[in-house]
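Visitor: any chance you can model this:
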Amino acid sequence: MSTLLTKKKAAIFDLDGTLLDSMGVWLEVDRVFLARRGIALPDDYAAAISPMGFPAAAAYTKTRFSLPEDEASIMAEWHALAVDAYANHVGLKHGVRDYLTSLRRRGIPFAAATASQAVFYLPALRRLGIADWFSSITEISEVSRGKGNPDIYWRAAEKLGREACDCAVFEDIVPGVRGASAGGFYTIAVYDAHCVNPELLRAVCDRYIFSFSELFADDVF
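Guide: From the prediction side, this is the model:
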């Protein structure tokens, strides 16, 4: 954890569960996928795969449940279940649009760092009218390690032309916060109803918010 010694100059946002109210979609994908195989959704499964990209999550799932399908088939099924939900149903979390609008008005650049894939998040961002608001979007496939490490946030900061110490990272999962903290970023954890370990999330971040509207009275930029 770090101290906010000076105001930050740029923001890096996770997408799922942080800006997009989408974690329920993935829980439903997980539930349906496993139910088709007669497997109940384990309580720890979502937390285990949330920091992983698709290939790593598919490999983990295949191994954990001894599935006969290959990773490509697993990912294809997840893909089919999720695409429609993102394209037509996923919305923004409370206060997000107003907060991003405020950053744009103040000239604060912001980027996204996500373990998701463009085929999911881009239709949602376009439908919501904010796809072109981001300076860049960095996917986990661009780096060699998952969100428990700082690599993706360093890459996003590099694209913004900023040092880690100048950026605030917004995340909704413990591995993401820990990875960003390890990279020298100021971390803001965002409440999500689907978070499986909220107490630990609050303990490891620099700041915790229930809604982006809280930042209008006490912002970090």
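
Visitor: which parts of the longest helix along the chain are buried?
Guide: For the chain, the helix with the greatest residue count under DSSP state H is helix 71-88. Of the residues in helix 71-88, 71, 74-75, 77-78, 81-82, 85-86 count as buried by neighbour count, 16 or more other CB atoms under 10 Å. To be clear about C-beta, it is placed using only N, CA and C from the backbone, and glycine gets the same treatment.

Visitor: and the strands in this structure, which stretches?
Guide: Listed in chain order, the strands of the chain (DSSP state E) span residues 10-13, 20-21, 91-92, 110-114, 137-139, 167-171, 186-190, 207-209.

Visitor: now do the fourth one: which elements does it pack against?
Guide: Where contact means 3 or more CB pairs under 8 Å, 6 or more residues apart in numbering; DSSP states H and E, strand 110-114 is packed against strand 10-13, strand 137-139, helix 151-160.

Visitor: what do you get for the fifth one?
Guide: Counting contacts by 3+ CB pairs under 8 Å, 6+ apart, the secondary-structure elements packed against strand 137-139 are strand 110-114, helix 118-127, helix 151-160.

Visitor: neighbouring contacts of the last one?
Guide: What it means is helix 151-160. If you take CB atoms under 8 Å, 6 or more residues apart in numbering as the criterion, helix 151-160 is touched by 10, 12, 109-113, 135-136, 138, 140, 142-145, 163-164, 166-167, 169, 179-180, 183, 185.

Visitor: ok, back up a step: now, of the strands of the chain, which is deepest in the fold?
Guide: With neighbours defined by mean count of other CB atoms under 10 Å, none of these is more surrounded on average than strand 167-171, at a mean of 28.

Visitor: list the contacts of residue 213.
Guide: With contacts defined as CB under 8 Å, 6+ apart, the neighbours of residue 213 are 94-95, 98-99.

Visitor: list phi and psi for residue 219.
Guide: For residue 219, the backbone dihedrals (degrees, to the nearest 10) come out as phi -90, psi 170.

Visitor: low-confidence ranges, this protein, go.
Guide: For the chain, the stretches flagged by pLDDT under 70 are 3.

Visitor: so which of the helices and strands packed on strand 110-114 comes closest to residue 217?
Guide: Of all the helices and strands packed on strand 110-114, it is strand 10-13 that lies closest to residue 217, at 17.2 Å by CB to CB.

Visitor: for the closest one, packing partners?
Guide: Using 3+ CB pairs under 8 Å, 6+ apart as the contact test, the elements touching strand 10-13 are strand 110-114, helix 151-160, strand 167-171.

Visitor: tilt between the last one and strand 186-190?
Guide: Regarding strand 167-171 and strand 186-190, their directions subtend 30 degrees when assessed with axes from the mean of the first three to the mean of the last three CA atoms, to 10 degrees.

Visitor: again, but for the longest one
Guide: With the same axes, to 10 degrees as the criterion, the two stretches helix 151-160 and strand 186-190 enclose an angle of 110 degrees.

Visitor: now swap in the first one and tell me
Guide: Here the directions of strand 110-114 and strand 186-190 differ by 70 degrees (the same axes, to 10 degrees).
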